[in-house]
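Chemist: got a predicted structure plus its sequence, pasted below:
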Amino acid sequence: AVVSTQSTGDAQGRMFIPSTQRPDGSWRPVKYVKEGYIPQDEQDTYRSKGKKWSEGATAIPGYTGPTPKSEERMTNADVAASNKPKLSKNQKKRAKKKEAKKEDEFVIEEITTGITEQVNISKDDKLTPAEVEKKKKGILKKLRAIEELQAKVDAGEILPDKDQIAKLGKKGELEKQLNEL
């Protein structure tokens, strides 16, 4: 529908929407538009083909719908099943994976020198030689740092705080882990 506010008033014959006054008293400028322009306020909202089709289809042939008696006959189990949220394929897959992971791993809490650590131990805890070397390197690096800290403390360069004391206390545990590897 073409807007009634449009007119061809200028010398070139261009279409425009005349200026209007806003509620606050200011004026909107003249808006030049192409022929056939419909303002956004007057345009129909977009509806997809499926939406148009579903609005047009009032009833499915041969389907009368549920009767009130059949709804009354639903048991509590039927009501619970109908209210239960249905999981998507991926949600089911994730839940199954999560259950398998819980069965596969168990957590051991180890309390050493006042520090509680959680260690995940898998049933298939076989390390490859490359992984063993990597773990050895990490442990040796920690031991070197502890030895440097101990040397500074012995020399009187620093006074260790509680974290540094805890670090020094882990030296025996790290040496034990190194011997196990």
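Modeler: Good, I have the coordinates. What you are looking at is a predicted structure, and each value in this text was computed from that prediction instead of being measured. Numbers count the residues shown, from 1 in each chain.
Chemist: now Arg14: closest residue in space, sequence neighbours ignored.
Modeler: Once flanking residues are discounted, Arg14 sits nearest to Tyr32: 5.6 Å by CB to CB, 6 or more residues apart in numbering. For the C-beta atoms, the positions are set from N, CA and C on the backbone; glycine is no exception.
Chemist: and that neighbour, how far is that from Met15?
Modeler: 7 Å (CB to CB, to the nearest Å).
Chemist: pick out whichever of these two has more residues nearby.
Modeler: Met15 (18 against 12; other CB atoms under 10 Å).
Chemist: am I right that the residue nearest to Arg14 sits in a strand?
Modeler: Yes. Assessed with DSSP: H, G, I helix; E, B strand; the rest coil, Tyr32 lies in a strand.
Chemist: contacting residues for it?
Modeler: Counting by CB atoms under 8 Å, 6 or more residues apart in numbering, Tyr32 makes contact with Arg14, Met15, Phe16.
Chemist: now do the SS call for the residue nearest to Ile158 when sequence neighbours are not counted.
Modeler: Among residues not flanking Ile158 along the chain, Lys152 sits closest, at 5.0 Å (CB to CB, 6+ apart). What three-state DSSP gives for Lys152 is helix.
Chemist: burial measure for Lys152, as a count.
Modeler: 14.
Chemist: from what I can see it touches Gln164, true?
Modeler: No. When contacts are counted by CB atoms under 8 Å, Lys152 is not listed as touching Gln164 (9.3 Å).
Chemist: shared neighbours of these two, anything?
Modeler: By CB under 8 Å, 6+ apart, the residues touching both Lys152 and Gln164 are Ile158.
Chemist: quick one on the thing from earlier: ok, the contacts of Tyr32 vs Ser88, which is closest?
Modeler: Met15 (51.8 Å; CB to CB).
Chemist: show me the shaky parts of this protein.
Modeler: 1-9, 57-84, 104-125 (pLDDT under 70).
Chemist: quick one: the strands in it, in order.
Modeler: 7-8, 15-17, 31-33, 105-112, 115-122 (DSSP state E).
Chemist: burial count for Ile139?
Modeler: 19.
Chemist: got the contact list for it?
Modeler: So Ile139 contacts Leu174, Gln177, Leu178, Leu181 (CB under 8 Å, 6+ apart).
Chemist: including neighbour count and distance to Gln21, could those residues go into TSV?
Modeler: Listed next are the contacts of Ile139 as TSV, based on neighbours: other CB atoms under 10 Å; distance: CB to CB, whole Å:
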residue	neighbour count	distance to Gln21
Leu174	16	82
Gln177	16	82
Leu178	15	85
Leu181	11	85
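Chemist: got those as CSV, with distance to Pro129 columns?
Modeler: Below are the contacts of Ile139 laid out as CSV (distance: CB to CB, whole Å):
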residue, distance to Pro129
Leu174, 21
Gln177, 17
Leu178, 16
Leu181, 11
